[in-house]
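Asks: Quick one, what's the 3D model for this:
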Amino acid sequence: MTELARLKFYATQPHPCSYLPEEQATTLFLDPSQPMDVLVYAELSELGFRRSGDHLYRPHCQQCTACIPARIPAAPFKASRQQRRILKRNEDIAVRCVRPAFTEEYYALYVRYIEQRHADGDMYPPSRDQFSTFLVRDLPFSRFYEFRLQGRLLALAVTDLLPNGLSAVYTFYDPAEERRSLGRFAILWQIGETERLGLEAVYLGYWIKNCRKMNYKTQYRPIELFVNQRWTRLT
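Replies: Residues are numbered from 1 along each chain as shown. Okay, the predicted model is just below:
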């Protein structure tokens with residue numbers, strides 16, 4: 001185990017919460033001068049930390065504990081009837097793992113996704129610099145999983161390969177392909193890939209009970225939530 005006690009962390013000033021407009025958020029960041037070590041990252045993921053660009057962070061709000069880290073243990077996961085239908089519907093998609101890079105194809109898909117699905121979010125309007133800073137980082141554990149249909153890019157899952165599992169950083173997809181449920185399919189695929197690799201879990205980021213956009217996360221069972229400094233399984 002890495003000696004986490006030696007690490008330095010910095011908290012931001014309170015700022016408007018992206019998910020609960022009535023709340024003020026504070027974020028705890030790992031000292032950016034600390035090298036992005038995969039073992040440190042894996043251990044911090046066990047404590048609810050996530051990666052955004054070159055930073056590892058965790059909510060550190062004084063008055064609110066709504067953001068709960070969530071992960072899906074791969075081995076005991078059982079797809080529901082609806083999830084099995086999604087898997088069958090997307091059997092014609094080929095998935096390829098590539099190194100992170102900026103391409104016009106990726107960026108064009110990202111723009112369509114943000115403009116049509118998240119125009120009310122803090123990533124709107126999209127820009128090349130934002131896309132690169134957020135997702136295109138040359139880190140040894142970062143992967144781009146391309147989801148293609150006869151060569152056409154339908155979705156891209158930005159995922160970190162850690163010793164304890166896959167961390168789903170961000171997924172964007174073609175909003176015109178709504179029937180395929182590509183966001184849910186990408187999670188199901190990553191659960192299967194995690195089991196294939198013999199790893200423990202897919203780390204899904206934060207679940208917020210009162211945030212409608214987060215509801216999909218608890219549709220994957222069993223799911224584990226990090227509450228009171230321990231992972232608790234919901235079946």
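Asks: how far is the helix or strand of the chain with the lowest mean pLDDT from where the chain is centred?
Replies: Least confident helix or strand of the chain, by mean pLDDT, DSSP states H and E, is strand 15-16 with a mean of 90. Put simply, strand 15-16 sits 22 Å off its chain's centre (CA atoms, centre = their mean, to the nearest Å).
Asks: which residue sits closest to Gly205, ignoring its sequence neighbours?
Replies: Once flanking residues are discounted, Gly205 sits nearest to Arg50: 5.6 Å by CB to CB, 6 or more residues apart in numbering. C-beta coordinates here come from the backbone N, C-alpha and C atoms, glycine included.
Asks: for Pro73, what are its contacts?
Replies: Glu200, Ala201, Pro222, Glu224, Arg233 (CB atoms under 8 Å, 6 or more residues apart in numbering).
Asks: ok, now which ones touch the last one?
Replies: Spelled out, it's Arg233. Pro73, Pro222, Ile223, Glu224 are the contacts of Arg233 under CB under 8 Å, 6+ apart.
Asks: could you redo the last one with a cut-off of 10 Å?
Replies: Going by CB atoms under 10 Å, 6 or more residues apart in numbering, Arg233 touches Arg71, Pro73, Pro76, Arg221, Pro222, Ile223, Glu224, Leu225.
Asks: quick one on the thing from earlier: just curious, which of the contacts of Pro73 is nearest to Pro59?
Replies: Glu224 (17.5 Å; CB to CB).
Asks: Can you name the next helix or strand after the helix or strand hosting Ile86?
Replies: Assessed by DSSP states H and E, Ile86 sits inside helix 81-89. Note on helix 81-89: by DSSP H and E, the next helix or strand toward the C-terminus is strand 94-98.
Asks: how distant is that next one from the center of its chain?
Replies: 17 Å.
Asks: buried ones in the helix or strand that that strand is followed by?
Replies: Using DSSP H and E, the next helix or strand after strand 94-98 towards the C-terminus is helix 104-117. For helix 104-117, the neighbour count (16 or more other CB atoms under 10 Å) marks Tyr106, Tyr107, Leu109, Tyr110, Val111, Arg112, Tyr113, Ile114, Arg117 as buried.
Asks: which strands and helices sit next to helix 104-117?
Replies: helix 128-135, strand 142-149, strand 152-162, strand 165-173, helix 182-196 (3 or more CB pairs under 10 Å, 6 or more residues apart in numbering; DSSP states H and E).
Asks: if we can go back for a sec, give me the buried subset of the contacts of Pro73.
Replies: Buried among those by 16+ other CB under 10 Å: Glu200, Ala201, Glu224.
Asks: picking that back up, and the contacts of Pro73, which is closest to Arg89?
Replies: Distances from Arg89 to these, taken by CB to CB, are shortest for Pro222, at 23.7 Å.
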